[in-house]
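Engineer: Next come a sequence and a model predicted from it.
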Amino acid sequence: MIRRLNVYEAAMARLKTIFDHFDYIYVSFSGGKDSGVLLNLCVEYIRKYAPCRKLGVLHMDYEAQYRQTTEYVKRTLEANRDVLEVYHCCVPFKVTTCTSMYQSYWRPWEESKREMWVRDMPEECYTAGDFSFFNDELWDYDFQLLFAPWLRSRKKCKRICCLVGIRTQESHNRWRAIHSDKNYKHLFNYKWTRRIDRGIYNAYPLYDWKVSDIWTANGKLGWDYNRLYDLYYRAGVPLGRQRVASPFISEAIQSLSLYRVIDPDMWGRMVSRVNGVNFAGMYGKTMAMGWKSIKCPPGFSWKEYMHFLLDTLPAATRRNYLDKLDVSIRFWRNRGGCLSEEVIDKLRTAGVEFSVGNPSAYRTDKLPVRMEYLDDIDIEEFREIPTYKRMCICILKNDHVCKYMGFSLTKKEKELREKVMRKYNSLKHGKF
């Protein structure tokens, strides 16, 4: 009988595959629990099986973070300096913020706001001037994408791999990153790898770990970890919401107020650093920010309430939401969104008018449903249906991208990214 590997053994086997195939490997290390365990796994692997290898570490420093995270990152990198090559990046790329109706992004380490920085820039870090590809239009995810060819050129290697500590248990988006039916190219058909460009891959060795596995590994193996999680636990934060991330993104708004208790000095600095932080900290868990049991005011339809909210916004922000709404209306009217048979039956029961098309090229068993925008609908799959209530929630959450409605990059943003990639395509060939 063949014994099934536990998650630790499976992860180490995946690391062997990666280390055997790639010339250079680096870990994307945020200071969180998952990337911390991944880094410890890699350090252990190198010490046991590849003592002549060096491991790269990419740490994108977002300036505003808990003191415990800063201390943990410094402690971990110094303790393993003999096997690590550290790329500690303090770069003013764009970072999404959902704390303000006036700002859709902010910039950590922005030189013009040096007097407002929440802490001093670390010594021996990489800044914008170290990266020939950097420009003011880059978002943090663009920087991460362009870092790989920059590093491959710097190391003069053919094959490079970035290890990322995402787990499918964390969110549906992370599950899709591994199990999506899209035509991604994988290393040796392993779905926990993805080709980014020729000779450049991402790999997710911890994709099947549970949160309990993370803490079991830290406990059994005696690994250091970010002590912020101890404070989260004492504060009663559920395990599923204990995350280390940029504090101003939508996923972090509900726990933003914890900064006032856990790290009051940092909180005082953050309030003056980014618009709307104090308001979001006070009301991030209430319907004032689009959370929990949001209700339509008496005498309003959701469509009327949406226009009322839009009238309170700055012109540029209002136009952004209206453009998103227009795209969504035309999409559902002309092309249709993919819904399951179960959801389609619920629409029929609710008396909603719609038409169902033939199976699409979306690589899914769901069917394209064309319909007009509704005011609201009371079904469990509410987020899948086009309603004006969804738009109201986006506005109240300062969700400028409208991720709650399923939006990703706009056509303009995609064109900008493609332009950036073309401009710096020479990096792949070692040219600067």
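Structural biologist: The structure has been received and is ready for your questions.

Engineer: residues of the host helix or strand of Met306 that come out buried?
Structural biologist: Taking DSSP states H and E as the criterion, the element that holds Met306 is helix 302-311. With burial defined by 16 or more other Cβ atoms under 10 Å, the residues of helix 302-311 counted as buried are 302-303, 305-306, 309-310. For every residue, glycine as well, the C-beta is placed using N, CA and C.

Engineer: Kindly report the same for stretch 324-337.
Structural biologist: Of the residues in stretch 324-337, those with enough neighbours to count as buried (16+ other Cβ under 10 Å) are 324-325, 328, 332, 336-337.

Engineer: try stretch 340-359
Structural biologist: Of the residues in stretch 340-359, those scored as buried under the neighbour-count criterion (16+ other Cβ under 10 Å) are 343-344, 346-347, 352, 354.

Engineer: could I get those as a markdown table with secondary structure and distance to Arg3?
Structural biologist: Below are those laid out as a markdown table (DSSP: H, G, I helix; E, B strand; the rest coil; distance: Cβ to Cβ, whole Å):
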| residue | secondary structure | distance to Arg3 |
| --- | --- | --- |
| Val343 | helix | 42 |
| Ile344 | helix | 45 |
| Lys346 | helix | 45 |
| Leu347 | helix | 48 |
| Val352 | coil | 52 |
| Phe354 | coil | 51 |
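
Engineer: Need the residues that contact stretch 338-356.
Structural biologist: Where contact means Cβ atoms under 8 Å, 6 or more residues apart in numbering, the residues beyond stretch 338-356 that reach it are 336, 360, 362, 364-372, 374, 377-379, 381, 384-385.

Engineer: what about that stretch, distance to the chain center?
Structural biologist: Relative to the chain's own centre, stretch 338-356 is displaced by 32 Å; criterion: Cα atoms, centre = their mean, to the nearest Å.

Engineer: Can you list the low-confidence ranges for the stretch 1-150 of the chain?
Structural biologist: In the predicted model, the stretch 1-150 of the chain carries pLDDT under 70 at residues 1-2, 98-104.

Engineer: And the helices in it, which stretches?
Structural biologist: Along the stretch 1-150 of the chain, the segments classed as helices by DSSP state H, counting those that start in this stretch run 7-21, 33-49, 67-79, 140-155.

Engineer: tell me the most buried of those helices?
Structural biologist: helix 33-49 (a mean of 21; mean count of other Cβ atoms under 10 Å).

Engineer: counting contacts, what elements does it pack onto?
Structural biologist: Contact here means 3 or more Cβ pairs under 8 Å, 6 or more residues apart in numbering; DSSP states H and E; on that basis helix 33-49 packs against helix 7-21, strand 24-28, strand 55-60, helix 67-79, strand 160-164, helix 211-221.

Engineer: mind listing what the second one pairs with, with the direction of each?
Structural biologist: Right, the one you point to is strand 24-28. Partner strands and pairing direction for strand 24-28 (DSSP bridges) are strand 55-60 (parallel), strand 160-164 (parallel).

Engineer: Can you tell me what sits against it?
Structural biologist: The set of residues external to strand 24-28 that reach it, using Cβ under 8 Å, 6+ apart, is 18-19, 35, 38-39, 42, 53, 55-58, 60, 85, 87, 144, 151-152, 155, 157, 159-165.

Engineer: follow-up on the earlier one: adding secondary structure and pLDDT as columns, could you present the buried residues of stretch 324-337 in TSV?
Structural biologist: Formatted as TSV, the entries for those read as follows, by DSSP: H, G, I helix; E, B strand; the rest coil; pLDDT from 0 to 100:
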residue	secondary structure	pLDDT
Lys324	helix	89
Leu325	helix	92
Ser328	helix	92
Trp332	helix	94
Gly336	coil	91
Gly337	strand	90
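
Engineer: from the residues you listed, which two are the most distant?
Structural biologist: Among the buried residues of stretch 324-337, the pair separated by the greatest distance (Cβ to Cβ) is Lys324 and Gly336, at 17.8 Å.

Engineer: Dump the helix holding Met306 to CSV, restricted to CA.
Structural biologist: The C-alpha atoms that make up helix 302-311 are tabulated as CSV, following Å, rounded to 0.1, in the frame of the first residue of the first chain:
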residue,chain,number,x,y,z
TRP,A,302,-31.6,51.2,-5.0
LYS,A,303,-31.1,52.9,-8.4
GLU,A,304,-32.2,56.2,-6.9
TYR,A,305,-30.0,55.7,-3.9
MET,A,306,-27.1,54.9,-6.2
HIS,A,307,-27.5,58.2,-8.0
PHE,A,308,-27.8,60.0,-4.7
LEU,A,309,-24.5,58.5,-3.6
LEU,A,310,-22.9,59.4,-6.9
ASP,A,311,-23.9,63.0,-6.6
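
Engineer: so Leu309 touches Lys397, yeah?
Structural biologist: No: here Leu309 lies out of contact with Lys397, judged by Cβ atoms under 8 Å, at a distance of 11.2 Å.

Engineer: And for Glu85, the neighbour number?
Structural biologist: Glu85 is flanked by 13 other residues according to other Cβ atoms under 10 Å.

Engineer: That one bridge partners, please.
Structural biologist: Beta-bridge partners recorded for Glu85 (DSSP bridges): Gly56.
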